[in-house]
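Asker: Quick one, fold the following:
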Amino acid sequence: MWVTKGKRLIQFDPASEATDDEIADLILGRSGTLRAPAILTDGVFMVGFSEEAFTKLFD
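Answerer: As a prediction, this is how the structure comes out:
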């Protein structure tokens, strides 16, 4: 799972490195809905926009 938070790109394995509450805090916006964009590709779930992440995923 890759999540962008501001200019930071956070990469982690949710099964072994985070609780459900920690994941929810990262991927949900203030209104409680999934932040955008949210993309699942090549086994990576990415939430939020980062040019660095898009380059890594789609190059």
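
Asker: alpha carbons only for contacts and neighbour counts from here, please
Answerer: Noted.

Asker: partner residues bridging the nearest residue to Met1 once chain neighbours are set aside?
Answerer: Using CA to CA, 6 or more residues apart in numbering and skipping the chain neighbours, the partner closest in space to Met1 is Phe45 (4.8 Å). Following DSSP bridges, Phe45 is listed with bridge partners Leu40.

Asker: I'd like the distance from Phe45 to Glu17, if you could.
Answerer: For Phe45, the distance to Glu17 (CA to CA, to the nearest Å) stands at 15 Å.

Asker: Neighbour count: the two, which is higher?
Answerer: Ranked by neighbour count (other CA atoms under 10 Å), Phe45 and Glu17 place Phe45 first, with 13 against 9.

Asker: the helices in this structure, which residues?
Answerer: 14-17, 20-27, 51-58 (DSSP state H).

Asker: So which bits of the last one are buried?
Answerer: Okay, so that is helix 51-58. Neighbour counts using 16 or more other CA atoms under 10 Å place Ala53 of helix 51-58 among the buried residues.
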